[in-house]
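Engineer: Okay, here's the prediction I keep looking at, along with the sequence it came from:
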There are 2 protein chains.
Amino acid sequence: MSLWSRTRNTVYREITRTAMELFLERGFDATTIDDIAAAAGISRRSFFRYFGTKEDVVLGDLIASGDLVREALEARPGDEEIWEALRNALHSVKDTAFDEPTMMKIIKMVNETPSLRARSIEKHLQWQALLTPEVRRRLGADPADPSDVRADALVATVITCLDVAADAWTRCGGEVSLETLFDAAAAAVRAPADVDIADRPRTAPSRTASPG
Amino acid sequence: MSLWSRTRNTVYREITRTAMELFLERGFDATTIDDIAAAAGISRRSFFRYFGTKEDVVLGDLIASGDLVREALEARPGDEEIWEALRNALHSVKDTAFDEPTMMKIIKMVNETPSLRARSIEKHLQWQALLTPEVRRRLGADPADPSDVRADALVATVITCLDVAADAWTRCGGEVSLETLFDAAAAAVRAPADVDIADRPRTAPSRTASPG
DNA sequence: TGCCGCTTTGGCACTCAGTGTCAATGAGGC
DNA sequence: GCCTCATTGACACTGAGTGCCAAAGCGGCA
């Protein structure tokens, strides 16, 4: 049993590695599952025993960490401001499977490939479902009241800010850190955005025009 | 030419009507394109001349209105607070193709069908791309600065709030209006949610802790 | 060592979405 | 009536994903 699952994990990682190489080399859509199976030395049928969909090869490893985020959130101090708790829970889960340049290429690929992008956001919706109960609890919301949208809105927005930040991160070639971009996004959402935000210059690489 | 496009529109609507009936009757996934084509009296190949994907039958009509929202946003007074402008732009675009109970069934179906939900989100990403330039302009942001995420974050969040509101709307059976739910979602995001919203001034949000 | 039960695997055939091609049809302009 | 052009339907194809079944591999057991 132990050997079996170890073998399974090995194969799983081998498929991921091989497929990722192909994806980054010739593009996601241009890589068929037959290509992946052939390169990984398995049958087409076996591929689908490890991954439900082609997208899962990319996204399974990249953001399968929904449960980790939930655990991290539950571990945050109970009196922590909710935005802060969510922010810290997200940041505590770092993906270490790839180095930063590779990670950037992957995110870029995800953002530029419609089917990948859609699945990626679907995964984030699953995160939402995982995180919302804890946020509801912290807000003292009635778990059965569907009209109390506060928790859903907060969680969805925080994840949206993360997406926006990740997208901007790749667009500026990693010059500004993900954390900084996330905080800027969060600040823009929470503050009236047409007013200058006091300490946005934590990075201040390029001045944005400040009218009036 | 006029006759051609009139015919085209008629066929388009006929396919939509027929397909929607099938979808709501037996489910989205359980309805094949052959079913739709047969029921609409066209060939399978012709279906794809009217709709790029099966999802577009549902979502094309439901939220093809990205340009309308953009126009509505551009028509808002220039000094209107940005959240307000976005909110009003969204609310000015009402979908009148279906009555409310049907609309609710459709939204429910979209939210419960992964492929539909994914496409729906993709459409919303297209909205974002349409709306962001105008928001950037209003914020006086440098259009070429990818590290200025304010506009992206705002637009993405507003649309996220709309999604959350629509979801809650179906879950509480339409008892609470979509507008009310949207406003509640927006308020939860903008105010520290565990504090009374009333005492929060429009400026000076609570500063998030600076780790540095 | 050989046998039994389990899981994994590969191969095959299938459904379904979506695309390219091509010949037939049918409307509009001359 | 003829020419042009868009629409249509039919056919064939790729590619994702699933169901099924027989073969192979591993563990335990005698």
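Structural biologist: Ah, there it is. Residues are numbered from 1 along each chain as shown, chains lettered A, B, ... in the order given.

Engineer: Tell me where the model's unsure across chain A.
Structural biologist: A:1-5, A:61-64, A:192-212 (pLDDT under 70).

Engineer: mind listing the helices for it?
Structural biologist: Using DSSP state H, the helices of chain A run over A:2-26, A:33-40, A:44-50, A:54-63, A:66-75, A:82-91, A:100-112, A:114-139, A:150-171, A:178-190.

Engineer: Check whether the fourth one comes near DNA strand D.
Structural biologist: Yes. In terms of Cβ under 7 Å from any atom of the strand, part of helix A:54-63 sits within range of DNA strand D, namely A:54-55. All C-beta atoms are positioned from the backbone trio N, CA, C, and that covers glycine.

Engineer: Point me to the residue of chain A nearest DNA strand C.
Structural biologist: A:Ser46 (3.0 Å; Cβ to the nearest atom of the strand).

Engineer: For my notes, please list the helices of chain A in a markdown table and give mean neighbour count for each entry.
Structural biologist: Shown next, in a markdown table, are the helices of chain A (neighbours: other Cβ atoms under 10 Å in any protein chain shown):
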| stretch | mean neighbour count |
| --- | --- |
| helix A:2-26 | 14 |
| helix A:33-40 | 17 |
| helix A:44-50 | 14 |
| helix A:54-63 | 20 |
| helix A:66-75 | 17 |
| helix A:82-91 | 21 |
| helix A:100-112 | 16 |
| helix A:114-139 | 19 |
| helix A:150-171 | 25 |
| helix A:178-190 | 23 |
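
Engineer: Export those as CSV, with columns for distance to B:Asp35.
Structural biologist: Output for the helices of chain A, formatted as CSV (distance: least, Cβ to Cβ, whole Å):
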stretch, distance to B:Asp35
helix A:2-26, 34
helix A:33-40, 27
helix A:44-50, 26
helix A:54-63, 26
helix A:66-75, 35
helix A:82-91, 43
helix A:100-112, 33
helix A:114-139, 24
helix A:150-171, 34
helix A:178-190, 43
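
Engineer: circling back to that earlier point, list the contacts of the residue of chain A closest to DNA strand C.
Structural biologist: Counting by Cβ atoms under 8 Å, 6 or more residues apart in numbering or on different chains, A:Ser46 touches A:Ala37.

Engineer: Kindly recompute the last result at 10 Å.
Structural biologist: Going by Cβ atoms under 10 Å, 6 or more residues apart in numbering or on different chains, A:Ser46 touches A:11, A:15, A:37, A:40.

Engineer: Ok, A:Ala85 next?
Structural biologist: Per Cβ under 10 Å, 6+ apart, neighbours of A:Ala85: A:72-79, A:134-135, A:138, A:158.

Engineer: B:Leu181 is in contact with A:Asp145, correct?
Structural biologist: No. The criterion here is Cβ atoms under 10 Å, and A:Asp145 misses it with B:Leu181 at 11.8 Å.

Engineer: so what sits against both of these two?
Structural biologist: By Cβ under 10 Å, 6+ apart, the residues touching both A:Asp145 and B:Leu181 are B:168, B:171-172.

Engineer: out of the contacts of A:Ala85, which one sits closest to A:Ala151?
Structural biologist: Nearest to A:Ala151, judged by Cβ to Cβ, of the contacts of A:Ala85 is A:Val135 at 4.1 Å.

Engineer: Hmm, A:Val149 and the closest one touching each other?
Structural biologist: No. Between A:Val135 and A:Val149 there is no contact under Cβ under 10 Å: 11.4 Å.

Engineer: Common neighbours of those two, please.
Structural biologist: Both A:Val135 and A:Val149 are contacted by A:141, B:188, under the criterion Cβ under 10 Å, 6+ apart.

Engineer: Okay, A:Asn111 and DNA strand D: tell me how far apart.
Structural biologist: Using Cβ to the nearest atom of the strand, to the nearest Å, A:Asn111 is found at 19 Å from DNA strand D.

Engineer: follow-up on the earlier one: quick check: the farthest pair among the contacts of A:Ser46?
Structural biologist: Largest separation among the contacts of A:Ser46 by Cβ to Cβ: A:Val11 and A:Ala37, giving 11.7 Å.

Engineer: and A:Asp142, how many neighbours?
Structural biologist: Residues lying near A:Asp142 (other Cβ atoms under 10 Å in any protein chain shown) number 10.

Engineer: Let me see the contact set for the nearest residue to A:Arg8 once chain neighbours are set aside.
Structural biologist: Closest residue in space to A:Arg8, ignoring its immediate chain neighbours: A:Tyr50 at 7.9 Å, by Cβ to Cβ, 6 or more residues apart in numbering or on different chains. By Cβ under 10 Å, 6+ apart, the contact set of A:Tyr50 is A:8, A:11-16, A:40, A:42, A:56-57, A:60.

Engineer: so which of these comes closest to DNA strand D?
Structural biologist: A:Asp56 (7.8 Å).

Engineer: Am I right that the closest one is in contact with A:Lys123?
Structural biologist: Yes. With contact defined as Cβ under 10 Å, A:Asp56 reaches A:Lys123; the gap is 9.3 Å.

Engineer: How about the residues of chain A by DNA strand C?
Structural biologist: A:4, A:7-8, A:11, A:41-46, A:49-50.

Engineer: Between all of those, which two are separated the most?
Structural biologist: The farthest-apart pair in the residues of chain A next to DNA strand C, when distances are taken by Cβ to Cβ, is A:Trp4 and A:Arg44, at 21.8 Å.

Engineer: Report the contact partners of the closest residue to A:Ser115 other than its chain neighbours.
Structural biologist: Leaving out its chain neighbours, the residue that sits closest to A:Ser115 by Cβ to Cβ, 6+ apart is A:Glu55, at 6.2 Å. By Cβ under 10 Å, 6+ apart, the contact set of A:Glu55 is A:28, A:110, A:113, A:115-120, A:122-123, B:118.
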